[in-house]
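Colleague: Sequence plus the predicted model coming up.
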Amino acid sequence: MIQNKPFLFAAAALLTASVISGGVMASGSGPHWTYEGHEGPANWGELSPEFAACGAGKMQSPVDLADANADGQVTVDFNYSPAELEILNNGHTVQFNVANGSTMTSEGKTYTLAQVHFHTPSEHPISGKPFAMEAHFVHKAEDGQLAVVGVFFNEGASNAALKDVFTNAGTATAHEAKVAGASVDLRGVIPASPTFYRYMGSLTTPPCSEGVNWFVVKEPVEASAAEIAAMTKAFGHNARPAQNANARKIMKPAN
Ligand SMILES: [Zn+2]
């Protein structure tokens, strides 16, 4: 449901902001949005009719994982192979695209990995407390359904699997670029025996589309303070606050 008045106000403000900023859109398409101020998460739903789910949706992401209300053993089979690094900074995150046929299979469905991007701090908190960083592995099934695997990072040892990503984050531009000789050990980012939080949610950025299958790995991995700082420097704070769980089933790993 779009409320006309606030929307018109937001549209006028958007136009003004767009003129002030020279009309440059960070992501290259769609209305401008940010992580703070007037175009921040609290107002995303009013920035554009196509962003309506951000404000009115009842199955939004992220959620606070302390809201988990069911135990479940979720199995995910990863069929990931090392990928050449094709990196970009879309103004909201640093992302690398994957087109090497890496897949994940769960609940009888196979999803193909399309891209991996990062949030600092993590988007999914536990009792309000975020991790230092969260990676999102975005997959798509043949029928168009999305599955996102979230991986948490604590500050600690250097992350060998993602070393080339962290090294090149600062120079990534809005245009995807293949970095000669750089690669990502995709499987190496996922812990050896992962267990999962599992729930139905949404994209955590506009247009906040719902119907996204979330698999959040309980066991955090590590990246060095310098690596996390390099990512934070590249895109700043980009974590949407936790959304209302509403009537959703949110499964946590059975002990
Ligand atoms: Zn994300």
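Modeller: Thanks, I have the structure now.
Colleague: got the phi/psi numbers for residue 196?
Modeller: Residue 196 adopts backbone torsions of phi -130, psi 140, taken as degrees, to the nearest 10.
Colleague: Now do it: how many residues are near it, please.
Modeller: Look at residue 196: counted by other C-beta atoms under 10 Å, it has 22 neighbours. In short, each C-beta sits where N, CA and C put it, glycine included.
Colleague: any idea how far it is from residue 138?
Modeller: 16 Å (C-beta to C-beta, to the nearest Å).
Colleague: cool, and residue 100?
Modeller: 15 Å.
Colleague: Same question for residue 51.
Modeller: 19 Å.
Colleague: Between these two, which is the more surrounded one?
Modeller: More neighbours surround residue 51 than the other of residue 51 and residue 138, with 23 against 19 (other C-beta under 10 Å).
Colleague: so what's the nearest residue to that one once chain neighbours are set aside scoring on pLDDT?
Modeller: Distance criterion C-beta to C-beta, 6 or more residues apart in numbering; nearest residue to residue 51, sequence neighbours excluded, is residue 206 at 4.4 Å. We have a pLDDT of 97 for residue 206.
Colleague: again with residue 10
Modeller: The model's pLDDT for residue 10 equals 39.
Colleague: And residue 85, by the same measure?
Modeller: For residue 85, the predicted pLDDT is 97.
Colleague: Reduced to three states, what does it come out as?
Modeller: strand (DSSP: H, G, I helix; E, B strand; the rest coil).
Colleague: Skipping adjacent residues, who's closest to it in space?
Modeller: Closest to residue 85 by C-beta to C-beta, 6+ apart is residue 182, at 3.8 Å.
Colleague: Over to residue 222?
Modeller: Nearest to residue 222 is residue 156, by C-beta to C-beta, 6+ apart, at 3.4 Å.
Colleague: again, but for residue 179
Modeller: residue 85 (4.5 Å).
Colleague: Quick one: end-to-end distance for stretch 79-94.
Modeller: 23 Å (C-alpha to C-alpha, to the nearest Å).
Colleague: Just the buried positions in that stretch, please.
Modeller: 80, 83-94 (16 or more other C-beta atoms under 10 Å).
Colleague: Just say helix, strand or coil for the residue most central in space within the chain.
Modeller: Within the chain, one residue has its C-alpha closest to the average C-alpha position: by C-alpha atoms, centre = their mean, that is residue 136, at 4.6 Å. Secondary structure, three-state DSSP: residue 136 is strand.
Colleague: Pairing-wise in the sheet, spell out the partners of it.
Modeller: residue 117, residue 150 (DSSP bridges).
Colleague: how much space between it and residue 186?
Modeller: For residue 136 relative to residue 186 (C-beta to C-beta), the value is 13 Å.
Colleague: which residues are common contacts for the two?
Modeller: Residues touching both residue 136 and residue 186 (C-beta atoms under 8 Å, 6 or more residues apart in numbering) are residue 116.
Colleague: re earlier: just checking, the residue nearest to the centre of the chain touches residue 117?
Modeller: Yes. Assessed by C-beta atoms under 8 Å, residue 136 is found in contact with residue 117 at 5.6 Å.
Colleague: And the strands in the stretch 1-150 of the chain?
Modeller: Assigned by DSSP state E, counting those that start in this stretch, the strands in the stretch 1-150 of the chain fall at 70-72, 77-79, 83-89, 94-97, 103-106, 109-119, 133-141, 146-155.
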